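**Q** Okay, predicted coordinates and the sequence, questions at the end:
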Amino acid sequence: MTNKNYDLEFLRGLSVLLVFLFHFNTNLFNSFFVGVDIFFLVSGYVITGSVLKKDKFNLSSFYLRRFKRIYPNLLFILFIFAVIFFTFYDFLPQEFDQNFFSIIFSIFGISNIFYTINPNLFYFTDEIRWLIHTWSLSVEIQYYFLIGLIFYIYFKLSRLNLNFKIFIISLFLTSFLIFLLPEKKFVSDYYSLPARLWEFSLGSIAYLFPFKKKLNFNYLLIAFLSIISFASYLSLNFKFDILIAIFFSYIMVVFSKNNNESIFTIFFRFFGKISYSFYLWHLIIISFFINITEFYIFNFIIIFLLTLILSIFTFNFIEIKFNKKFNYDYYFKKSIGIILISVSVFFIYSLTINQKLFIKSFNSLNKFAVNFFHIVDNVNSGPNKYDSIFVKKFDHCENYQESFKWSTSVNCLRENSNSKLVYIMGNSYGDHIVPVISKAFLDSDLYIARFDNCYLVKSFKCDIDKKNQIFNQYSKISKKYDEKIVIISLSKNNYSKKKISQILNRLETLNTLVVFVYPHPSVNEYKNEKEINKYYLIKKNDFKILKDFERLILIDTFENICLDCNFDKYSQVFIDGHHFNLNGSLSLIELFRKVNF
């Protein structure tokens, strides 16, 4: 192995260990996420070098090598994770959805898009993240797909190095400008390929424009670790952290050479060798075991050793085994060609002729998630799983009127009546009243739809088209029913009389009884005298507005849960301090039974 390959292996090891530390303690190592960016640069260098060293380029062979490198290990680890998580782990509702869709989208190489469109998932938080690290793997897969096509065109049309160099430099500059732009979904957000291509391209540039090595690798490494540690302490902007990491990585790849065969060097090269397995395992293990004991250092040792053992196992028995040539590789190459053509046709057709196909596919996937949950619910042995709220637990209906598009979603939960309809509108505060509504209105059909509080409060503007779509959905669904109730869950204050009047007028024309469910204080508000007094003051002002509407039924859940109880008792009715658990939701059943059609 050449010295340069040793240096790249060292950087891979460094990058995966940085990411491990970041995920283990986001606050302490909040700039160490840049290990991913280092890996992107190294990938660009390695891919460019491996292709341009050869006189010929076969697209199917290229994709097959990438497939064998990525998917056997990915599928094995996802399978092990899914069996343990869905069968034995006492997961929360949001964890089921997050991991179900993460698994599916990771396999298709688009989990970064899933995390982009999901507003509840953000990379820089302390919350358990399970599979959120697969976003970078999806970016890698998308890069491989794109660079494979670029190399295919290059080898077919020209072998002029200058042209290829100009193209890569242009790609670098374009992507870098996108990276510097304010975050915009699918273009310049943290998870997007367009805003990451400059890192891969800079790796290609490092290969295309080699220089004589003049700088000491170890000195550069010490400087980089010192600066990135200081950046963690200062909690700088993540883009600045990325620029630091990419700058030093580029310098280390192009201008330096590591000739030091110390234990330190061997250590990092070893982790570079198993970096892919280690990366796939580490966040899963952290998520399962981060709180296994009260001793933080002991938890770190357990997690690190367990990740290391599993990584060595999958590296030797999955990665190495499947990276070899097989007799049936020929058939795989043919299959890859067919798959690529099919996928390309699907995307072109969906984007140009039938754009609703994406929405229909996503709706089908959501319906499959509901059916899968009922299977898991029968198998899972988690001791406290019934304390959590699962809308899917109460979902026993499928029809053509359902849509799972985030801002205008509508989900049929029960359909056994021809005359009575209860229709919940809300966000997560609508989700956690599903159990009590389901029990209080047993002889009614039940739907739940997305309805953000910007449609009710003064301080937020909403998309009028989406608002109209929400009410058009309700109009179509409700027209066959004689008796209808719309229950709108509130989670904000500073309500607008004008907005509320518009909603009531619109629903009145559809002969609908309207119920507003006023939000309760969070657990943290309840235990803080200043905050609870503030809650009462806001509530008093809100009620002056809401009680002016005679056509509106107002339900105050706080008055019926635990108005004068102690903090410990109050906190027992919540999952996360904000949303009711199952017992908390069902404790309101008599309150909702007072609402009559």
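**A** Ah, there it is.
**Q** Let me see the contact set for residue 208.
**A** The contact partners of residue 208, by CB atoms under 8 Å, 6 or more residues apart in numbering, come to 48, 161, 164-165, 168. Using the backbone N, CA and C atoms, a C-beta is placed for each residue, glycine as well.
**Q** give me that answer again for 10 Å
**A** 45, 48-49, 52, 161, 164-165, 168-169, 201 (CB atoms under 10 Å, 6 or more residues apart in numbering).
**Q** neighbour-wise, which of those residues leads?
**A** Using other CB atoms under 10 Å as the neighbour criterion, residue 201 leads those with 27 neighbours.
**Q** Just say helix, strand or coil for it.
**A** With DSSP: H, G, I helix; E, B strand; the rest coil as the basis, residue 201 sits in helix.
**Q** Hmm, it is touching residue 166, no?
**A** No - when contacts are counted by CB atoms under 10 Å, residue 201 is not listed as touching residue 166 (12.0 Å).
**Q** so how far is stretch 438-458 from its chain's centroid?
**A** 25 Å (CA atoms, centre = their mean, to the nearest Å).
**Q** If you count neighbours, what's buried in it?
**A** 438, 440-441, 444-457 (16 or more other CB atoms under 10 Å).
**Q** can you check stretch 559-572 too?
**A** So, applying 16+ other CB under 10 Å, buried residues of stretch 559-572: 561-562, 570-571.
**Q** what's the neighbour count on residue 310?
**A** Residues near residue 310, counting by other CB under 10 Å: 19.
**Q** mean confidence for the helix or strand containing it?
**A** When elements are assigned from DSSP states H and E, residue 310 belongs to helix 296-314. What helix 296-314 shows for mean pLDDT is 97.
**Q** what are the bridge partners for residue 518, then?
**A** Listed by DSSP bridges, the beta-bridge partners for residue 518 are residue 556.
**Q** For it, which residues are in contact?
**A** Counting by CB under 10 Å, 6+ apart, residue 518 has contacts 489-491, 493, 539, 542-543, 546, 554-559.
**Q** tell me the domain ranges of this protein?
**A** 3-322, 395-593 (automatic domain parsing).
**Q** I'd like to know which of those domains is closest to residue 369.
**A** With CB to CB as the measure, domain 3-322 is the member of the domains of the chain nearest residue 369 (5.3 Å).
**Q** For residue 194, which non-adjacent residue is closest in space?
**A** residue 178 (5.0 Å; CB to CB, 6 or more residues apart in numbering).
**Q** list the contacts for the one you found?
**A** 184, 187-188, 192-198.
**Q** ok, of these, which one's closest to residue 229?
**A** Distances from residue 229 to the contacts of residue 178, taken by CB to CB, are shortest for residue 196, at 23.8 Å.
**Q** list the buried ones in the helix or strand where residue 145 lies?
**A** Assigned by DSSP H and E, residue 145 falls within helix 134-157. Across helix 134-157, burial judged by 16+ other CB under 10 Å covers 134-144, 147-148, 151, 154-155.
**Q** The closest residue to residue 216 other than its chain neighbours and residue 247: what is the separation?
**A** Distance criterion CB to CB, 6+ apart; nearest residue to residue 216, sequence neighbours excluded, is residue 256 at 6.5 Å. Here the criterion is CB to CB, to the nearest Å. By it, residue 256 lies 13 Å from residue 247.
**Q** same deal with residue 550?
**A** 66 Å.
**Q** Next up, the contacts around the spatially most central residue of the chain.
**A** The centroid of the chain falls nearest to residue 115 when counting by CA atoms, centre = their mean (3.2 Å). Applying CB under 10 Å, 6+ apart to residue 115 gives the contacts 98, 101-102, 105, 121-123, 129, 131-132, 134-135, 138, 189-191.
**Q** Helix or strand for it, just tell me which one.
**A** With DSSP H and E as the test, residue 115 turns up in helix 111-117.
**Q** before we move on, what about residue 205?
**A** Going by DSSP H and E, residue 205 is part of helix 197-208.
**Q** Could you point out the helix or strand that follows that helix?
**A** In N-to-C order, the element after helix 197-208 by DSSP H and E is strand 215-216.
**Q** who touches residue 502 in this structure?
**A** Per CB under 10 Å, 6+ apart, neighbours of residue 502: 455-456, 467, 471, 496.
**Q** Also residue 157?
**A** Contacts of residue 157 by CB under 10 Å, 6+ apart are residue 163.
**Q** For the contacts of residue 178, point out the one with the lowest pLDDT.
**A** residue 184 (84).
**Q** element containing that one, please.
**A** Secondary structure assignment for residue 184, by DSSP H and E: no helix or strand.
**Q** In this structure it contacts residue 191, no?
**A** No - if you go by CB under 10 Å, residue 184 and residue 191 don't touch, sitting 11.8 Å apart.
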